Structure formats: structure tokens, C-alpha cells
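>>> I'll drop the sequence and a predicted model, then ask my questions.
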Amino acid sequence: MANVLVVGEIKDGALKKISKEVTSTGKKIASQLGGQVEVLLIGDGAEKFVAELSAVGADNIITAKGGDFNAEGYANIIAGVAKEKGSSIVILPHTSQGKDYSPRVAVKLGAGIVADAVELKVDGGNVIARKPIYSGKAFANLKVNTNVKVFSIRPNSQEVGSTSGAGAVEATSQGTGDIKAKVTSSELSGANKVQLTEASIIVSGGRGMKGPENFPLLQELCDTLGAALGASRAAVDAGWISHSHQVGQTGKTVSPNCYIACGISGSIQHMAGMGSSKYIVAINKDGDAPIFKVATFGVVADLFEVVPSLTKEFKKVLG
Amino acid sequence: MKVVVLVKQVPDTETSIKLGDKSINEAGIKWIISPYDEFAIEEGIKIREKNGGEVIAVTVGPDRAQEVLRTAYAMGVDNAIHIKVDSYNTFDTAYTSELLASFISSISPDLVISGRQSIDTDSSQVGVQVAERLGWGHVSLALKLELNGTSAKVTREIEGGTAIVESSLPLVVTAQKGLNEPRYPSLKGIMTAKKKPITTKLPADLGNPEAKVEVTSMEPPPARIPGRKLDAADADGFAQTLVKALREEAKVI
């Protein structure tokens, strides 16, 4: 028997989609190994999400008070709960918060970790984690050999199933403990209402955008679709848009359901960041651009004409 | 101020990857220093230029990994340590961080800087794992680092903005793009780097940690959904065709 602990995430009073993804995957693994899945949610109002989480597999929901995010504090709570519950498998979100605390959780549990996995499956009693490597040019299947095994899961990589769980609730007394590196202030730019790494649709602009004054064109399409705005390195290095929007090798790795590349030629470095997107749309005047090799739907045309038409068309059909 | 920078050798992004059974076929691969580690080296050197002290570059890997230490020397670090692991499993971050933490604790630096992630495995693990093993604080995704005697003030990237984090030293910081502009090594730097000493350590010198993660197999990426170029007379035609394809065929919007 193996009990699985997964960690969900709350943002601005709402349950993040990744929480359901890790819960559903945790349920799949736990039921194959004959155990149950417990979901830890840190933050105010965690009790509100019991129904949502039990619908996708949570057998037990553990709520914790964590205050503002701090990697050390969250790691203390997560590792504390995992020890208390005797969890043998811990599944974490590979989000910006998850990347910050997962290394500490793994060490506290004396565990090996596979980070940024896109699939977990049970094979002969072992969990095999699959992850893209070398910028998506290959995949590795990996096995963790420590007693407790830790995995972190790339957002948008998991199907959310409909197997429900028992949905019990409890509050943990595990706390944040002493914290060495403290956040003293923070500033939100409000740039992307939808987080790039977790967005299911991304509209991205490159060198073909010609200047910062043209990005509102893409923002309008984003707003219509509830998409996040991305950019290629060329657009960021030209100073047209901030680095927080950059997709690719020296930016963010994303795997949305749909990636709409506008005026992006598709360098290897860019594809390293978005190559695992499910559907890729390329809008580019140059029909020979490498992006068309990976595009599901290619539009060889002037983006300055097609993007406004596209926004108009989506507004029409989405009402 | 004693600063340790963690560096890793990775295949160049442009290099094509040929798979063996449980590892890649290394023949013909061009190896580079993982780009985020260059920000770490640069920051270390800038700190020394301002405060004095020394910068020590450390890498884990087989013999070929010494090349990244030569690059670090050429950029301006003072010392280089090679933790030599012959059949190095680049995916076992917990093993790597155990070796590094064991070495680092033996020299008690004030600061450790790593890249935010290496571009071969993108795990984002080793720097922060080292902090946990040493019992230190950490700040990841650093965009600006200010040192004031025995404490540090770090501006970091967070979801949708930035945050300022303060901590006493020692501390681990992971470098995000934007922290600085890494310098190009001078020709003289490159020439003298060739003659600088590299200290080799073996796992046996560092507590011989157990491997924790094992590769069971590697495979090429799955085939993409076959693509096609859409056909239309004008922009509105393209828009209509594309919206139809995304809604009815792909069902993603």
C-alpha cells in the first residue's frame, strides 16, 4: 500500500487548475498501488475547495495556514505533513512556487526527486516518471529508488479524470517554522492576468511584431480568448516587452493546449520552450520559417491583417 | 567574501541528440556551460571586484566537465573544483546536491550562486537542494543582488512581478536572466585559463552518497499532430478557417 500526498495551489481565492491535475494523477497512482490520495492545500479559505477536489479524486483534504508564500515555510509544512501521514509518494506542482519549495521538500524527506515530469505511471509496483529532456529533443523515463519518492508535475500536462474520492477534511497543525530568507515587499506588474506557464492558450509575438506599439494587437486577442501573452527572445531583447513574457530557452517553458505564434520564426531556443504545446498555430509572412515545421495550423500571411480579423472572428463566435 | 558558483556542462541547444539505451550518444555533441550559470559566474566576479575575496567555481561531471571550469577561469574566477563522477546521471539532482553540499560545507563560503536551472534537464533543483542540505536560506530567480556586510537584499522574480527578499549570510541565490550581462572571456583570459590548476574531488572524498534516481529508458519525442498550411483568399478568410479548425477539429477554444 502506498499513500500519495499531493500539494495543490490557491491563487487569489481560487483553486488553480494544476491542483486538479496533480490530484487526478495522484488518484490514478494511489488506486493502482492500493492506497489513497491526500491533498494538502496551504492558504486561507482552503476548506472551500473540498467539493472541487473530491470530485477529481481527493480522499482526504488537509488544510494548512501558511501566510504569504515562502519556500522555506511551505517546505516545512509539506514535509511535516508527509512525515506525519507516512506518505510514500509526494506529488508537487512544477509551478513557480513548486520549483521554489520542491528541492527543500525532497531533501527534508531524504528523497530522490524527478522534477518537471509530464507523466507518472505504475509499472510493477514502481512509479515511472517521464520527462522531456534536452529541450524536448528526447524523453527520459526515470525511477526513484528512495523510500519516499517525490515528483513535480509540469502544469497542463495531465488529464483531469472524473474518479471521485472520499473527500474527508482535516486541518493540520504543521507550521512554517523559522524562516531565514524573508520577503520584505513585493510588486505586481499586472502584466499577465493569466500565468504564462499555466495558461491553456498563449498568444505570442516575435520579431515580426516590428515594435512595442503593436503588442496591444496581441493583447486584445489574449483578452478575447482568456489567453496569456508571450514573446520570443528577439522581441524581448529588442526591448519591446518585458522578460517575464519570454518563452524559450532563456525564458519560460510552456505547454498550453494551443500556442499561437505571431511573427515568430521558430528558433531552436524558442521551440525548446513551447515545443510541447498540444496545438501550434503559426502566423508568419515567411512560408519557409522553421515554425511551420511544428505548426498544426500554418497561416502564411501578414499578421497585421490576420490577427485583427482573428480577434473579430473569435469575438463573434465566442459572443 | 568567499563566493562559490555552481556550474554545469550541458549539450548546446543546437546540437542534435542521438539516443543510446539509457543515456545519449555523446559522439559529436558540442558541450557548453549552461547559460544561466554564466550569470552566476558573472555575479560572483562582480562581488569580488567590489568586496574582495575569492570566487570558486565547482562542477560535477565526468572528465569532459573540466571544460566549463576553464571557461569559468577565463571569465575570472580564482579557483576551480571538479567533482569527478565518471558515469554521471544528470537527472539525479539529489545525488548531485549531496556531493556539492558536502564540498561546500568544507570550505564555508558566504554565498553560493547557481543558475536557476540547467538547460539539459530543466529540473530547477540543485541550488535550492544545496541550501536545504546546508541549513541555509535561499532566494531563487534573482534579478538583483545587494550585499551589506553580513546580509543580502535580493530582488527576485515572482509570478506576475518582483519581490524583495532579505536574508543574513550565508545564502544560496539562483540566477535569473537579467541579473547581469555575463562578460566575454578575453583572449588573455582564455590562454591563462588553460594553465590554471583544477582540484579534483571524488565522491569517496565527499561521503559517497547513494544514487537516488535511475534512468529506465530514453525515447525520442512522440510525433506531433500532423500539421498543414491553411488556404484562404484574404485575412478574414484565414481567420474564419483558423477559428473553425481550432474549434471543430482541435476543439481547444
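Arrived safely.

>>> Tell me where the model's unsure across the stretch 201-319 of chain A.
For the stretch 201-319 of chain A, no stretch has pLDDT under 70.

>>> residue ranges for the helices of the stretch 201-319 of chain A, please.
Ranges of helices in the stretch 201-319 of chain A, per DSSP state H, counting those that start in this stretch, are A:215-225, A:233-237, A:268-274, A:291-294, A:303-318.

>>> Distance to chain B and mean neighbour count added to those helices, as TSV?
Glycine gets a C-beta too; all of them are placed from N, C-alpha and C. Converted to TSV, those look like this (distance: least, C-beta to the nearest C-beta, whole Å; neighbours: other C-beta atoms under 10 Å in any protein chain shown):
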stretch	distance to chain B	mean neighbour count
helix A:215-225	6	19
helix A:233-237	9	21
helix A:268-274	5	24
helix A:291-294	6	20
helix A:303-318	4	19
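
>>> Quick check: the residue of the stretch 51-200 of chain B nearest chain A.
Going by C-beta to the nearest C-beta, chain A is nearest to B:Gly137 of the stretch 51-200 of chain B, at 3.1 Å.

>>> tell me the pLDDT at that residue?
Listed pLDDT for B:Gly137 reads 98.

>>> Residues in a beta bridge with it, which ones?
When bridges are called by DSSP bridges, B:Gly137 pairs up with B:Leu171.

>>> Correct me if wrong: it contacts B:Leu171.
Yes: applying C-beta atoms under 8 Å, one finds B:Gly137 in contact with B:Leu171, separated by 5.4 Å.

>>> which neighbours do these two share?
Counting by C-beta atoms under 8 Å, 6 or more residues apart in numbering or on different chains, the contacts common to B:Gly137 and B:Leu171 are A:Lys180, A:Ala181, B:Ala131.

>>> most neighbours, which of the residues you listed?
Of all the shared contacts of B:Gly137 and B:Leu171, the highest neighbour tally under other C-beta atoms under 10 Å in any protein chain shown goes to B:Ala131, namely 30 neighbours.

>>> Is it in a helix, a strand, or coil?
Here B:Ala131 takes the helix state, with states given by DSSP: H, G, I helix; E, B strand; the rest coil.

>>> burial measure for A:Gly98, as a count.
Quick note: A:Gly98 (other C-beta under 10 Å) scores 26 neighbours.

>>> Next up, the contacts around the closest residue to it other than its chain neighbours.
Of all residues not flanking A:Gly98 in the chain, A:Leu92 sits nearest, at 4.9 Å (C-beta to C-beta, 6 or more residues apart in numbering or on different chains). Taking C-beta under 8 Å, 6+ apart, we find A:Leu92 in contact with A:Val6, A:Val7, A:Val22, A:Ile78, A:Gly98, A:Tyr101, A:Ser102, A:Val105, A:Val150, A:Phe151, A:Ser152, A:Ile153.

>>> quick one: A:Leu92 from chain B, how far?
Noted for A:Leu92: a distance of 11 Å to chain B, by C-beta to the nearest C-beta, to the nearest Å.

>>> Dig out what that residue forms beta bridges with.
Beta bridges link A:Leu92 to A:Ser152 when assigned by DSSP bridges.

>>> Tell me the confidence at it?
Note for A:Leu92: predicted pLDDT of 98.

>>> likewise the one 5 residues further on?
On the pLDDT scale, A:Gln97 is placed at 96.

>>> May I ask you to confirm that it is in contact with A:Val7?
No: using C-beta under 8 Å, A:Gln97 is not in contact with A:Val7, being 9.2 Å away.

>>> In terms of neighbours, single out the busier of those two.
Set A:Gln97 next to A:Val7 and count neighbours by other C-beta under 10 Å: A:Val7 wins out with 32 against 22.
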